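Engineer: Here is my input, please return the structure:
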Amino acid sequence: MEDLTNVERAVELLQQLGLKEYEAKCFVALTQLPSGTAKHISEISEVPRTRVYDAVRVLETKGLVEIQHANPQRFRAVSIEEAAQTLRAEYESRTDSLRETLQGVEAATVEDEVDVSHEVWALSGSAAIATRTSQLIEEAEEEIVLVVGHELALTDGLVDQLESAQDRGVSVIVGTVSESLREDVRALLPGAEAFVSELGWLSSMAAADDDTEITRLLLIDRATILVSTAHSNAATKEESEQAVFGRGFDNGLVTIVRRLMATGLFPVDGPPSGAAGEGASSDAS
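Structural biologist: Numbers count the residues shown, from 1 in each chain. This is a model prediction of the structure:
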């Protein structure tokens, strides 16, 4: 991705927002000019001149380009800020329409029965993982135990969600991998119990040849667990995030992680009051 020029990256992003290739190329070309003719646009964008007119007409209907009816016709792009606002509004409108349409789709019936005690799911991408984390926190009724393996996982949005959970009476316990991060948690969430975890293997520094880092462990009401990891690709310098989560008190993944939390999560002086240790110890008996 870093090998792309700004022009190529802009064209790619515009296509992701719904423009066709020639439309995206013509718009980017016009952002490089105060105004231009079809000939100018074709020379800069490498879009065939005969196709420039069709592309520009579409851009005009979308509110991204203005046309001067001279001879020859001249075209200019709206400001970058105005274009961004226009595309954002169209994207949000399509998203809202998609939500309403999908909600109107009738549920299909199948004969398979899902065994909740073996429910384990995987997902990828930081946005998807953050959304799932938020949903699980919103479902909490009694207790949230969160171990932050990397400071970047402690986002403003996550802090707001934990505060909301506290407001509805949920006990929030946060473990960190460093003293400095614990102090940050105490400042951000004064109502939560914060401590430095004894799980040193959470950090990628624990193994010099390991480029995968556990970013968070989340345990909800001793029955739902989410574990997320971040992997760095040394060749591309890109970082990807994956997670698994499971539900059900008898779920093997939930049981294993709950026992790990009971035996190695808390500092040597014992778990904070009301933490997951009691529920986990019953598993080991």
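Engineer: Do you have the helices of the stretch 51-200 of the chain handy? List them.
Structural biologist: 80-103, 126-139, 156-167, 179-188 (DSSP state H, counting those that start in this stretch).
Engineer: For the third one, buried residues please.
Structural biologist: This points to helix 156-167. Residues of helix 156-167 classed as buried by neighbour count (16 or more other Cβ atoms under 10 Å): L158, V159, Q161, L162, A165, Q166. (Each C-beta comes from the backbone N, C-alpha and C, glycine too.)
Engineer: And the first one, by the same measure?
Structural biologist: For helix 80-103, the buried set under the neighbour-count rule, 16+ other Cβ under 10 Å, comprises A83, L87.
Engineer: got it, and the shortest one?
Structural biologist: Residues of helix 179-188 classed as buried by neighbour count (16+ other Cβ under 10 Å): L181, R182, D184, V185, R186, L188.
Engineer: just these now: which is nearest V148?
Structural biologist: L181 (6.4 Å; Cβ to Cβ).
Engineer: coming back round to it: kindly reformat the helices of the stretch 51-200 of the chain as a markdown table containing distance to A55 and mean pLDDT.
Structural biologist: What follows is these, written out as a markdown table (distance: least, Cβ to Cβ, whole Å; pLDDT from 0 to 100):
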| stretch | distance to A55 | mean pLDDT |
| --- | --- | --- |
| helix 80-103 | 15 | 92 |
| helix 126-139 | 31 | 90 |
| helix 156-167 | 38 | 92 |
| helix 179-188 | 49 | 87 |
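Engineer: Just send those back as TSV, with distance to Q242 too.
Structural biologist: Shown next, in TSV, are the helices of the stretch 51-200 of the chain (distance: least, Cβ to Cβ, whole Å):
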stretch	distance to Q242
helix 80-103	25
helix 126-139	8
helix 156-167	18
helix 179-188	22
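Engineer: Ok, which of those helices comes nearest V148?
Structural biologist: So among the helices of the stretch 51-200 of the chain, helix 179-188 is nearest, using Cβ to Cβ, at 6.4 Å.
Engineer: which residues are in contact with stretch 57-69?
Structural biologist: 19-20, 23, 26-27, 30, 35, 56, 73-78, 83, 86-87, 90 (Cβ atoms under 8 Å, 6 or more residues apart in numbering).
Engineer: Report the buried members of those.
Structural biologist: Of these, these count as buried by 16+ other Cβ under 10 Å: L19, E23, C26, F27, L30, V56, R74, F75, A77, V78, A83, L87.
Engineer: Out of the residues you listed, flag the one nearest to V244.
Structural biologist: So of the buried ones among the contacts of stretch 57-69, ranked by how close each gets to V244 (Cβ to Cβ), first place is L87, at 34.7 Å.
Engineer: The closest one contacts Q16, doesn't it?
Structural biologist: No. Using Cβ atoms under 8 Å as the test, L87 is too far from Q16 to be in contact (10.3 Å).
Engineer: which residues do those two both contact?
Structural biologist: Common neighbours of L87 and Q16 (Cβ under 8 Å, 6+ apart) do not exist.
Engineer: Show the pLDDT at the nearest residue to E141 once chain neighbours are set aside.
Structural biologist: Excluding the flanking residues, the one nearest E141 by Cβ to Cβ, 6 or more residues apart in numbering is D221, at 5.8 Å. As predicted, D221 sits at a pLDDT of 89.
Engineer: Now do the contacts for D221.
Structural biologist: Taking Cβ under 8 Å, 6+ apart, one finds E139, A140, E141, E142, E143 in contact with D221.
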